[in-house]
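Visitor: Could you look at this predicted model? Sequence included:
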Amino acid sequence: MAENTKRSLFGLDGITGMLIATGLLLAILFMLVTNAIMVQRVSATKAYDPSPVVNSLDNVKMKSTDNAKYAIEKL
């Protein structure tokens, strides 16, 4: 059996690769958390606008063909 003499502690398969992978994962995590915070801020300041609803939803029944008249208008 041949001995593995090409091992490298600081190669891409060693500490350097581990640090690159960890940095990449932290960058992805930071990006996703930042986007989630921005979406939450926009959702908190811009409330849902129910104006596209044609009629009052008080008379909508769970299963009825008449529900089509309460549909949301296409913009």
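Guide: Yep, it's here. Numbering: from 1, shown residues only.
Visitor: What helix or strand is Leu19 located in?
Guide: Element membership of Leu19, judged by DSSP states H and E, is helix 15-45.
Visitor: Give the rounded mean pLDDT of that helix.
Guide: Helix 15-45 carries an average pLDDT of 94.
Visitor: tell me what that helix is packed against?
Guide: For helix 15-45, there is no helix or strand it packs on, judged by 3 or more Cβ pairs under 8 Å, 6 or more residues apart in numbering; DSSP states H and E. C-beta: built from backbone N, CA, C; applies to glycine.
Visitor: pretty sure Ser8 contacts Gly14?
Guide: Yes. Between Ser8 and Gly14 there is a contact under Cβ atoms under 8 Å: 5.7 Å.
Visitor: Pull up the overlap in contacts between the two.
Guide: Counting by Cβ atoms under 8 Å, 6 or more residues apart in numbering, no residue touches both Ser8 and Gly14.
Visitor: Count the neighbours of Phe30 for me.
Guide: 10 (other Cβ atoms under 10 Å).
Visitor: Please apply the same query to Leu12.
Guide: 11.
Visitor: Not counting residues beside it along the chain, what's closest to it?
Guide: In this structure, Leu12 finds its nearest non-sequential neighbour in Ile20, 7.5 Å apart by Cβ to Cβ, 6 or more residues apart in numbering.
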